[in-house]
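Peer 1: below: sequence and its predicted model.
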Amino acid sequence: MTTLTDKELIKEIRERIGSLDVRDNIERRAYEIALASLEAEAVMFCISGQNVDSEEHVSTSKAVVDAWVEEWNQVDGSPGEPLYKTMPLYYHAALPAPVVPEEATPENVEMLSGYVSTYKLTDSERDIAAEIWNACRAAMLHGKGE
């Protein structure tokens, strides 16, 4: 099995994104997410280990946290795997909030759908269109957890 470095993976992902067909949106999005995670840089560092109040032991400098970790591991003196390690902290942008259209009524369904035609909908067709619109809206709301 071949082990790739992060730089090699980034190069490979960029090449794959560049060669994708425009219609491969899901695959493209998956590659973009993978690329973003590989290119992410830590914004802060903290001590990870037993009985650590991480809020008091956080720094933007990795060297500072590495020094704390080294000191704590020396004080602990346990043989084997060190109890304390430097843990990078990453910033992740919030996901965009889903947008759900307003509820449709037989009176506003044509305006909401942007339906423009010389054919005028009957009352029955407007009722059906509003019902379909609201069913899709309910599915969006349900998927959002509401």
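Peer 2: Sure thing, it's come through.
Peer 1: what's the following helix or strand after the helix or strand bottoming out on mean pLDDT in the chain?
Peer 2: Within the chain, confidence by mean pLDDT, DSSP states H and E is lowest for helix 109-113 among all helices and strands, at a mean of 72. Beyond helix 109-113 on the C-terminal side, the first helix or strand identified by DSSP states H and E is helix 123-143.
Peer 1: buried residues of that following helix, list them for me.
Peer 2: Using 16 or more other CB atoms under 10 Å as the test for burial, helix 123-143 gives Arg126, Ala129, Ala130, Trp133, Arg137. Every C-beta, even on glycine, is put in place using the N, C-alpha and C of the backbone.
Peer 1: wait, the second one sits on Met111?
Peer 2: No: taking contact to mean CB atoms under 8 Å, the distance of 11.3 Å between Ala129 and Met111 leaves them out of contact.
Peer 1: off-centre distance for stretch 25-34?
Peer 2: Taking CA atoms, centre = their mean, to the nearest Å, the mean C-alpha location of stretch 25-34 is offset from the chain mean by 12 Å.
Peer 1: alpha carbons only: can I get that stretch in PDB?
Peer 2: What follows is the C-alpha trace of stretch 25-34 in PDB, where atoms were taken according to Å, rounded to 0.1, in the frame of the first residue of the first chain:
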ATOM      1  CA  ASN A  25     -21.700  17.900  -8.400                       C
ATOM      2  CA  ILE A  26     -21.800  15.400  -5.500                       C
ATOM      3  CA  GLU A  27     -18.300  14.000  -6.300                       C
ATOM      4  CA  ARG A  28     -17.000  17.600  -6.800                       C
ATOM      5  CA  ARG A  29     -18.400  18.700  -3.400                       C
ATOM      6  CA  ALA A  30     -16.900  15.700  -1.700                       C
ATOM      7  CA  TYR A  31     -13.500  16.500  -3.100                       C
ATOM      8  CA  GLU A  32     -13.800  20.100  -2.200                       C
ATOM      9  CA  ILE A  33     -14.700  19.200   1.400                       C
ATOM     10  CA  ALA A  34     -11.700  16.800   1.600                       C
END
